[in-house]
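1. coords please:
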Amino acid sequence: MLKHKNYDYIVVGAGSAGAIVASRLSEDPQTRVLLVEYGGRDSSVFIRMPSALGIPMNSDKYNWGFTSIPEPYLDNRVMNCPRGKVLGGTSSINGMVYVRGNAHDYDEWEAHGASGWNYQNCLPYFKKLETHHCVTSDYTGSEGPIAISGGNNMRNPLYRAFIDAGVEAGYAETEDYNGYRQEGFGQKFMNVDAGIRASTSHAYLKRQRKRANLTVVKHSLVTRIIFEDKTAVGIEYKVANRVSRINANKEVILCAGAIGSPHLLQVSGVGPREVLNKAGIEVLHELPGVGENLQDHLEFNFQYRCKQPISLNSELSLFKKALIGLQWLLFKTGLGRSNHFESCAFIRSRAGVKWPDIQYHFLPGAITYDGSVAFKGHGFQVHVGHNKPSSRGHVRALSDDIGQHPEILFNYLATEQDRQGFRDCVRLTREIMAQPAMDKYRGEVIQPTANVQTDEDIDAFVRESVDSAYHPAGTCKIGSDPMAVVDPELRVRGLNNLRVIDASVFPTIPNGNLNAPTMMVAERGVSLIQGDVLEPALSVSVYVDAEWQNRQKEGVPVRA
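-> The predicted structure follows:
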């Protein structure tokens, strides 16, 4: 039930961005905020317990269940695209990995027309949202709502062995990949608060939902944005089979994500004319970039048998899972408090790349994302992906019914640059895993097998084995070019009182997981709405590879 007849701001989607936007706007007691979410509560133990992450992600109750159309460069495979359908959105079903991306990713945004979105301007908002329990520096926050922790702080020796192998292979060890230097091997951090998933619902809405000026409506599907001429004045939404309308005095703010936000714009008549005409939607405002520029990360697993009985594979029986769950329920300790990705790395695919474009997540077990075992016995795996893809896809409405999922095409591996990036992943990872630090643990390789050697072999293996890392972005990008959807203030171009604040506004995808950048965009987006943008307290330095600098001075061609 609505508390008021009208609201100043209507926020669509209570996910990684929307929960933050609604919470921050409602800090002003004179501002009435309505937050509309199609999903329900996030109180399930499987959402709250970090090690249970595979359950909500694979649940129809909490996942929108989007899929791509057959991907032409992945042997026509249909790829899953899970998005959160619950308070906290995807932050309530994701892997809880906390990666900001590389500092140069945000300077790249500004170079693509996102004026003001450089690293120095974004850093205060990363710091504002976090309380870091592992690192204290000029790069970290200490008073924010989102807890950053280290899980069980790499108690399993396999985590340390992976880092040591990277150092032996010639890479650096980095204390904080979110700080001065992303490049290198080190401990991975996660959004876990005293053993509980630190979703944006947990961090921003848990107490704030009691505010008299904040209304949170669940199980409500927003069917379209209501316009008067070129001004957004409210939304139409459906609860069960009842359709209602509510007005916004100031703004409608879309926080429905890289799939939901462009889809809602399109069914409301905002988007590429050809797409809308084909879907039978009347064109209210032609904006060709809506739903274009779709990007995502791909990854695959290197898997090995483990010579020593120390991997997570021994913890996967029903009895041991029950014990893990009981310890977590009673004390919030043990294996249940971690996502188990506790060491990681970021490296450059080759000389001439300015900043890292390959990411590793190490897991001391050979298991699938849903927790099933890959084989009997002990094993471990490292997830690897090329994180700066040049391929672009789209999200396109098929009708004016928001309930009909849009056409999603990622166009994965459409470019030779992207295919070469994954060849580099295979060859560099083999070199790292062959180092002496792994000798006492590394048994028989499970995948990719040793006979996968040539470019053609690797390409075929990747097409068959690669999966989405579940990081869609870019479909309502910031900029000023003809394909930009929002301006640097995150206002939809050519329309009034309408903004988009979520991962869809990223011009290019960062080198890392997307939850942290999305939360940062939400924090900064609220500041833009309120006209009170934080200035950098100081200009901090960031690592730039010396070899890249020398090549630039000598005029040697480089890759971004």
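
2. from here on, contacts and neighbour counts on C-alpha atoms
-> OK.

3. so what's Val222 bridging to?
-> Tyr237 (DSSP bridges).

4. Now do it against Ala17, distance only.
-> Using CA to CA, to the nearest Å, Val222 is found at 17 Å from Ala17.

5. Would you mind naming the residues that bridge with Val36?
-> Applying DSSP bridges, one finds that Val36 bridges with Val12, Val217.

6. List the contacts of it.
-> Ile10, Val11, Val12, Gly13, Ala14, Val216, Val217, Lys218, Ser220, Leu221, Val222 (CA atoms under 8 Å, 6 or more residues apart in numbering).

7. higher neighbour count, Val222 and Ala17?
-> Per other CA atoms under 10 Å, whichever of Val222 and Ala17 has more neighbours is Ala17, with 35 against 23.

8. Nearest spatial neighbour of the more buried one, chain-adjacent residues omitted?
-> Ala522 (5.0 Å; CA to CA, 6 or more residues apart in numbering).

9. Next, the one you found: secondary structure please.
-> Secondary structure state of Ala522, per DSSP: H, G, I helix; E, B strand; the rest coil, is helix.

10. Repeat that for Ile253.
-> strand.

11. Shouldn't Trp355 be within a strand?
-> No - counting by three-state DSSP, Trp355 falls outside a strand, being coil.

12. for the closest residue to it other than its chain neighbours, phi and psi?
-> Distances taken as CA to CA, 6+ apart put Arg348 closest to Trp355, at 6.3 Å, once the chain neighbours are dropped. Backbone torsions of Arg348, given as degrees, to the nearest 10, read phi -90, psi 140.

13. dump the residue contacts of Arg348.
-> Contacts of Arg348 (CA under 8 Å, 6+ apart): Glu183, Lys354, Trp355, Pro356, Asp357, Ile358.

14. Relative to Gly186, how far out is it?
-> For Arg348 relative to Gly186 (CA to CA), the value is 15 Å.

15. for Asp457, same thing?
-> Counting by CA to CA, the gap from Asp457 to Gly186 is 31 Å.

16. More neighbours: these two, which one.
-> Taking Asp457 and Gly186 together and counting by other CA under 10 Å, Gly186 has the greater number of neighbours (25 against 12).

17. Report the contact partners of the more buried one.
-> So Gly186 contacts Ile163, Glu173, Thr174, Glu175, Asp176, Tyr177, Ser343, Cys344, Ala345 (CA under 8 Å, 6+ apart).

18. Flag the shaky bits of the stretch 101-250 of the chain, pLDDT-wise.
-> Across the stretch 101-250 of the chain, nothing is flagged by pLDDT under 70.

19. what ranges do the helices span in it?
-> Secondary structure of the stretch 101-250 of the chain (DSSP state H, counting those that start in this stretch): helices at 103-111, 119-129, 157-168, 200.

20. Tyr98 is in contact with Met190, correct?
-> Yes - using CA atoms under 8 Å, Met190 is in contact with Tyr98, at 4.8 Å.

21. Next, show the common contact partners of those two.
-> Contacts common to Met190 and Tyr98, judged by CA under 8 Å, 6+ apart, are Ile148.

22. quick one, which of those two is more surrounded?
-> Neighbour totals were compared for Met190 and Tyr98, and Met190 leads with 25 against 22 (other CA under 10 Å).

23. Run through who's touching the helix or strand Lys320 falls within.
-> Using DSSP states H and E, Lys320 sits in helix 318-331. Identification of contacts with helix 318-331 by CA under 8 Å, 6+ apart yields Met49, Gly195, Glu315, Thr333, Gly334, Leu335, Gly336, Arg337.

24. Between those residues, which sits nearest Leu498?
-> Within the contacts of helix 318-331, distances to Leu498 taken as CA to CA reach their minimum at Met49, with 36.2 Å.

25. Quick one: residues contacting that closest one.
-> By CA under 8 Å, 6+ apart, the contact set of Met49 is Gly195, Ile196, Arg197, Trp328, Gly336, Arg337.

26. one step back: now, the most widely separated pair of the contacts of Arg348?
-> Using CA to CA, the contacts of Arg348 span at most 12.1 Å, a distance reached by Lys354 and Ile358.

27. Which one of the two is surrounded by more residues?
-> Ile358 (25 against 19).

28. Which residue, other than its chain neighbours, is closest to the more buried one?
-> Using CA to CA, 6+ apart, the nearest residue to Ile358 is His386, at 4.6 Å.

29. what about that neighbour, neighbour count?
-> Count around His386 with other CA under 10 Å applied: 27.

30. Same question for Phe319.
-> Neighbour tally, Phe319, other CA under 10 Å: 10.

31. And it, how far from Leu312?
-> Phe319 is 14 Å from Leu312, by CA to CA.

32. what's the answer for Val275, then?
-> For Val275, the distance to Leu312 - CA to CA - is 48 Å.

33. Tell me where the stretch 351-500 of the chain has strands.
-> Counting by DSSP state E, counting those that start in this stretch, the stretch 351-500 of the chain has these strands, from start to end: 358-363, 379-386, 393-396, 407-409, 442-447, 467-468, 498-500.

34. Ok, which of those strands comes nearest Gly257?
-> Nearest of those (CA to CA): strand 498-500, 9.0 Å.

35. Contacts for the closest one, please.
-> 231-232, 251-255, 261, 476, 486, 490-492.

36. now, which of those sits nearest Val86?
-> Cys255 (13.2 Å).

37. what's that closest one in contact with, if anything?
-> Val11, Val12, Gly13, Ala14, Gly15, Ala17, Gly18, Ser261, Val500, Ile501, Asp502.

38. What is the neighbour count of the fourth one?
-> Going back to what we said before, that points to Ala14. That count, for Ala14 with other CA under 10 Å as the rule, works out to 34.

39. distance of the residue nearest to Arg337 when sequence neighbours are not counted from Thr333?
-> Using CA to CA, 6+ apart and skipping the chain neighbours, the partner closest in space to Arg337 is Gly195 (4.5 Å). Distance, Gly195 to Thr333, by CA to CA: 6 Å.

40. out of those two, which sits in the more crowded spot?
-> Gly195 (24 against 19).

41. how about Ile259, what does it touch?
-> Taking CA under 8 Å, 6+ apart as the definition, contacts of Ile259 comprise Gly291, Val395, Pro472, Thr475, Ser504.

42. correct me, but the third one touches Gln295?
-> Yes - counting by CA under 8 Å, Pro472 sits close enough to Gln295 to count as a contact (5.6 Å).

43. Looking at those two, which is more packed in?
-> Using other CA under 10 Å, the more surrounded residue of Pro472 and Gln295 is Gln295, with 28 against 23.

44. Look at the more buried one and report its pLDDT.
-> Looking at Gln295, its pLDDT stands at 98.

45. Quick check: bridge partners of it?
-> Residues in beta-bridge contact with Gln295 (DSSP bridges): Ala473.

46. From Arg77, how far out is it?
-> 17 Å.

47. ditto for Ser399
-> Ser399 is 24 Å from Arg77, by CA to CA.
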